[in-house]
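Undergrad: Sequence plus the predicted model coming up.
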Amino acid sequence: MLINGFTFSVDLLLLTLLRSGLRISLPVAFTLSYLTAFGLSFALNRSLNFRSHARVGRQLVVYLVAIGVNYLAFIAGVANALAAVGLEYHVARILAALCEGVYTYCVLRWVVFRKEPGRTSS
């Protein structure tokens with residue numbers, strides 16, 4: 001929970017910098033901040049939360065597919081749609097993140113960093 005809260009804070013900070021500071025278009029700002037935060041999330045969750053020692057290559061490929069689905073559903077879909085209908089972009093991103101948080105935890109826990117039969121987490 002702390003890791004994802006931290007990486008979401010990084011996401012919002014970058015989003016604000018890109019959109020309000022640098023005046024980058026909202027879809028591009030959503031995308032760049034999202035990709036940066038999710039790269040950080042993978043590294044921190046792998047080492048600190050799930051303490052995975054499995055091969056990083058397979059996990060990374062599965063993670064990239066999962067965040068691709070997440071991106072399409074919650075960033076390209078929910079966040080951009082809410083902003084397009086007039087919701088302030090921070091509020092749109094926070095509402096999308098609520099859905100995203102449940103999805104992300106489930107995917108990390110039961111798909112990306114799942115425990116393989118016969119292997120311990122140490």
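TA: Alright, I've got the coordinates. The shown structure was predicted, so the numbers you read here are calculated from the model rather than taken from an experiment. Numbering: from 1, shown residues only.

Undergrad: which helices and strands does the helix or strand hosting residue 96 pack with?
TA: For residue 96, the element it lies in under DSSP states H and E is helix 89-107. Helix 89-107 sits against helix 2-16, helix 26-44, helix 56-70, helix 80-84, with contacts defined as 3 or more C-beta pairs under 8 Å, 6 or more residues apart in numbering; DSSP states H and E. The way it works is simple: take the backbone N, C-alpha and C, and place the C-beta from them, glycine included.

Undergrad: try 7 Å this time
TA: On a contact count with 3 or more C-beta pairs under 7 Å, 6 or more residues apart in numbering; DSSP states H and E, helix 89-107 meets helix 2-16, helix 56-70, helix 80-84.

Undergrad: What I need now is these written out in a markdown table, including distance to residue 94 and mean pLDDT for each item.
TA: Below are those laid out as a markdown table (distance: least, C-beta to C-beta, whole Å; pLDDT from 0 to 100):
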| stretch | distance to residue 94 | mean pLDDT |
| --- | --- | --- |
| helix 2-16 | 8 | 93 |
| helix 56-70 | 15 | 94 |
| helix 80-84 | 10 | 94 |
